[in-house]
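A.B. asks: Pasting a predicted model and its sequence here:
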Amino acid sequence: MVGAHYDTCGSTPGADDNASGVAGLLALGRMLKGISPHDTIELIAYANEEPPYFGTEQMGSAQHAQKLYTEQIGVKAMICLEMIGYFSDKENSQSYPAAGMGALYPDKGDFIAIVGNWDSVRLARTVQKNMQSFLPTVRLNLPEIKGMCMNFSDHRNFWAKDLPAVMITDTSFFRNPNYHQSGDLPETLDYRRMAQVVRGVHQAVLHLAADGK
């Protein structure tokens, strides 16, 4: 499954958050046309990711994950596209949620991040392996620690049901100064690198859906 939320925060334009993810979802649909994978591929646009619904059962992804859990439908992977269009080559354009992370990870916002919890390590590694030839990637797998902001999108509801999920993101407010602001406009996005993100996700999806494992 690949999902992206289509609502924005209040009256903000939401070019990166999350029109970029929805555009990636639509492009992915065109790229997957005509294939016959071993496993079913579903592309889902979710409502109610933003406040005041975030973290509640009214999130579209929460309803979806609950339905899958109740009906015992097997899920090999959920890939969440959350803000995939903002990049920067400037030094110190990238920040992190915890002190010391800057010593381990890049200080330029020129990469895409693959974020998973401890139970999604294998999935995150597979996704990174398939994406890294298209653009620089950083993978982060940690237990769900309060304050790390790892669960700030629709993948959180799959984690809550012990389903494997990762978030593909430009790291949101750790990089993009326009987050939840009126300046989150189309002209601030890097469409070349955004396209490379989608190509990488496409490669990962084909790999995951083809092996039957």
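C.D. replies: Right, received. Where do you want to start?
A.B. asks: List the buried residues in the lowest-mean-pLDDT helix or strand in the chain.
C.D. replies: Counting by mean pLDDT, DSSP states H and E, the chain has its least confident helix or strand at strand 137-142, which shows a mean of 94. By neighbour count on 16 or more other CB atoms under 10 Å, the buried set for strand 137-142 is Thr137, Val138, Arg139, Leu140, Asn141. (Each C-beta comes from the backbone N, C-alpha and C, glycine too.)
A.B. asks: okay, now Glu42: neighbour count?
C.D. replies: 11 (other CB atoms under 10 Å).
A.B. asks: can I get the CA coordinates of the least confident helix or strand of the chain in CSV?
C.D. replies: The C-alpha trace of strand 137-142 is given here as CSV (Å, rounded to 0.1, in the frame of the first residue of the first chain):
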residue,chain,number,x,y,z
THR,A,137,18.7,8.7,1.2
VAL,A,138,18.9,8.6,4.9
ARG,A,139,17.2,5.8,6.9
LEU,A,140,16.1,6.1,10.5
ASN,A,141,14.7,3.1,12.4
LEU,A,142,14.1,3.7,16.1
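A.B. asks: So what touches it?
C.D. replies: For strand 137-142, contacts defined as CB atoms under 8 Å, 6 or more residues apart in numbering pick out 105-106, 111-118, 120-121, 124-125, 128, 131, 148, 150, 200.
A.B. asks: Just the ones in strands from those, please.
C.D. replies: Ile112, Ala113, Ile114, Val115, Gly116, Asn117 (DSSP state E).
A.B. asks: Tell me how many other residues crowd the fifth one.
C.D. replies: When neighbours are defined as other CB under 10 Å, Gly116 has 24 of them.
A.B. asks: wait, doesn't it sit right on Ile168?
C.D. replies: No: Gly116 is beyond contact range of Ile168, at 10.4 Å (criterion: CB atoms under 8 Å).
A.B. asks: Packing partners of the longest helix seen in the chain?
C.D. replies: If you go by DSSP state H, the chain has its longest helix at helix 191-210. Packing partners of helix 191-210 (3 or more CB pairs under 8 Å, 6 or more residues apart in numbering; DSSP states H and E): helix 21-31, strand 78-82, strand 112-117, helix 121-131.
A.B. asks: And the residue nearest to Met148 when sequence neighbours are not counted, how close does it get to Trp118?
C.D. replies: Nearest non-adjacent residue to Met148, counting by CB to CB, 6 or more residues apart in numbering: Pro97, 5.1 Å away. Pro97 is 17 Å from Trp118, where distance means CB to CB, to the nearest Å.
A.B. asks: Between these two, point out the one with more neighbours.
C.D. replies: A side-by-side neighbour count of Pro97 and Trp118, using other CB under 10 Å, places Pro97 first with 14 against 10.
A.B. asks: In which helix or strand does that one reside?
C.D. replies: Following DSSP states H and E, one finds Pro97 outside all helices and strands.
A.B. asks: one step back: so which bits of the longest helix of the chain are buried?
C.D. replies: Applying 16+ other CB under 10 Å to helix 191-210 flags 193-206, 208-209 as buried.
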